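# Got a sequence here, can you build the structure:
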Amino acid sequence: MKRTTLTLFIGGILLTAAAIAIWSATRSPSWNEAEIGILRGLWIGSLPALPPDPSNAYADNPQAAEFGQKLFFDTRFSSNGEVACATCHQPELMFTDGLPLAQGVGTTTRKTMTIVGTAYSPWMFWDGRKDSQWAQALGPMESPVEHGGTRTQYAHLMDEFYRDEYASLFGPLPDFSDFERFPASAGPVDAPAARAAWEAMTQADRDAVTQVYVDMGKAIAAYERLIMPAPSRFDQYVEALLNNDKKAMKAALTDDEVAGLRLFVGRAQCIGCHNGPLFTNNEFHNTGVPSAQGLELDDGRASGVIKVLNDEFNCLSQWSDAGENDCADLRFATTTGKQLEGAFKPPSLRNVAETAPYMHAGQFATLEDVLAHYNHPPVSPVGHNELEPLGLTQSEMAQIIAFLRSLSGGVNAPTELLQAP
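All right, here's what the predicted structure looks like:
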């Protein structure tokens with residue numbers, strides 16, 4: 001039998017099979033200037049300095065962050081003494097919980113979003129119903145299915161366990177020892193008895209309790225502002241590309257991962273929502289995600305924007321430290337339009353391989369399920385699905401998933417902040 005020798009012409013030079021293998025192993029994919037600009041924009045090295053939060057005077061106070069860390073992990077701040085912020089935002093799970101729906105004292109109707117990098121976002125939660133980290137921290141505290149507690153309960157706990165620490169940061173804690181004036185459990189919550197007790201209090205006493213409640217949120221936010229994503233292999237690749245270091249590029253990403261990256265920034269149109277160094281544009285999009293089984297239809301941002309405009313703790317509220325001119329995102333928020341119906345905030349894709357399941361109610365168990373949905377988008381259960389069919393092959397979807405796994409870099413925060421104090 002005649003033996004066939006594989007040859008290939010490259011640049012006018014005839015190569016043998018052995019030479020082809022060497023060429024394939026050492027070549028690096030070329031990127032044009034426009035593509036390099038896109039990759040630079042996704043690189044963690046392009047993440048700007050953390051912007052100030054004018055609504056929180058304690059946002060960058062190290063003492064407040066240390067205090068907030070204690071509150072974040074303290075299960076006493078719940079109706080059953082078993083739920084803390086860290087119950088749903090577990091450091092070892094990239095500050096998520098690995099569940100389709102968050103579990104506190106009950107079950108919520110949404111998946112837990114990570115808090116990593118959220119200091120850069122103008123909106124919190126899937127529907128943007130809060131506009132700061134401190135306001136976000138307060139929502140679950142009174143939710144009947146999350147912490148399930150009340151404001152006076154928390155004021156009494158602060159008095160019992162954190163009086164000196166609170167005073168050193170915020171000033172003297174009011175005297176809450178009179179349970180006639182400050183009932184054990186009172187607040188503007190759904191529980192009839194607690195609400196009635198709250199409404200029976202004087203406005204001055206309600207304000208004194210609420211101030212302590214707000215201070216708790218601002219301390220927790222100071223802690224959360226320090227929790228950022230760490231560089232990933234993707235970031236190593238972009239840095240090597242910018243330095244024209246072909247060897248380091250080859251070491252950082254596999255050929256399949258690079259192919260997935262090309263699809264991500266190109267034909268798959270992923271950067272339409274997942275752009276910037278945090279891989280989210282922090283806006284709201286309807287991608288036709290089906291309703292979770294057993295849950296009511298979720299209209300997303302359409303309701304969320306109404307909630308944030310009326311939120312007791314928004315940027316323009318009496319409890320905010322911001323001036324009116326500091327609250328542009330809230331003042332100029334889009335409040336009406338079909339585009340808000342069924343629209344949700346795209347989560348950051350950093351560490352996405354570690355944060356299954358996916359979507360606002362954990363509808364998809366795997367990244368494969370997500371890509372299959374985007375490849376053949378259905379009619380949206382509410383509003384209009386922005387997606388168009390992608391026509392990706394199974395191999396191409398696998399390459400995008402390979403790239404997404406290269407975004408795993410962990411969390412960048414002082415080690416002592418990633419565990420209970």
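
# now the nearest residue to D326 once chain neighbours are set aside, what's its secondary structure?
If the residues on either side of it in the chain are set aside, D326 comes closest to P54, at 4.0 Å by Cβ to Cβ, 6 or more residues apart in numbering. The way it works is simple: take the backbone N, C-alpha and C, and place the C-beta from them, glycine included. Here P54 is recorded as coil under DSSP: H, G, I helix; E, B strand; the rest coil.

# residues contacting P54?
315, 321-323, 326 (Cβ atoms under 8 Å, 6 or more residues apart in numbering).

# again, but for L93
Contacts of L93 by Cβ under 8 Å, 6+ apart are 354-355.

# what's the answer for P91, then?
411, 418-419.

# What is the host helix or strand of Y154 packed up against?
Using DSSP states H and E, Y154 sits in helix 151-161. Judged by 3 or more Cβ pairs under 8 Å, 6 or more residues apart in numbering; DSSP states H and E, the packing partners of helix 151-161 are helix 192-200, helix 203-224.

# Give the buried residues for it.
The neighbour-count check on helix 151-161 (16 or more other Cβ atoms under 10 Å) flags 151-159 as buried.

# same deal with stretch 55-74?
For stretch 55-74, by 16+ other Cβ under 10 Å, it's 55-56, 58-59, 61, 64-74.

# most packed of the helices and strands packed on helix 151-161?
Ranked by mean neighbour count, these are led by helix 203-224 with a mean of 22 (mean count of other Cβ atoms under 10 Å).

# Within the sheet, what are the partner strands of the helix or strand following that one, with directions?
Downstream of helix 203-224, the first helix or strand assigned by DSSP H and E is strand 228-229. Strands that pair with strand 228-229, judged by DSSP bridges, come out as strand 411-412 (antiparallel).

# since we're on the closest residue to V189 other than its chain neighbours, how many residues are nearby?
Nearest residue to V189 in three dimensions, chain neighbours excluded: E142, at 5.2 Å (Cβ to Cβ, 6+ apart). Here the number of neighbours of E142 (other Cβ atoms under 10 Å) works out to 21.

# Surely E142 and T152 touch.
No: E142 is beyond contact range of T152, at 11.3 Å (criterion: Cβ atoms under 8 Å).

# tell me, what's touching those two both at once?
By Cβ under 8 Å, 6+ apart, the residues touching both E142 and T152 are G187.

# Which of the buried residues of stretch 55-74 sits closest to I115?
F72 (9.4 Å; Cβ to Cβ).

# check contacts around the closest one.
84-86, 89, 220, 223-224.

# farthest-separated two in those residues?
Pairwise distances across the contacts of F72 (Cβ to Cβ) peak at 13.4 Å, for the pair A84 and E224.

# Format the helices and strands packed on helix 151-161 as TSV; extra columns: distance to V370.
Output for the helices and strands packed on helix 151-161, formatted as TSV (distance: least, Cβ to Cβ, whole Å):
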stretch	distance to V370
helix 192-200	40
helix 203-224	26
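
# do you know which of those lies nearest L367?
Here helix 203-224 is closest among the helices and strands packed on helix 151-161 (Cβ to Cβ), at 26.2 Å.

# What is the closest one packed up against?
Checking 3+ Cβ pairs under 8 Å, 6+ apart, helix 203-224 ends up next to helix 62-73, helix 133-142, helix 151-161, helix 163-170.

# quick revisit: got the buried residues of helix 151-161 as CSV, with pLDDT columns?
As requested, these are arranged in CSV below (pLDDT from 0 to 100):
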residue, pLDDT
R151, 98
T152, 98
Q153, 98
Y154, 98
A155, 98
H156, 98
L157, 98
M158, 98
D159, 97
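
# can the residues you listed go into a markdown table with extra columns for distance to R129?
Below are the buried residues of helix 151-161 laid out as a markdown table (distance: Cβ to Cβ, whole Å):
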| residue | distance to R129 |
| --- | --- |
| R151 | 19 |
| T152 | 24 |
| Q153 | 23 |
| Y154 | 21 |
| A155 | 24 |
| H156 | 28 |
| L157 | 26 |
| M158 | 26 |
| D159 | 30 |
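
# What is the nearest of those residues to T96?
Y154 (24.4 Å).
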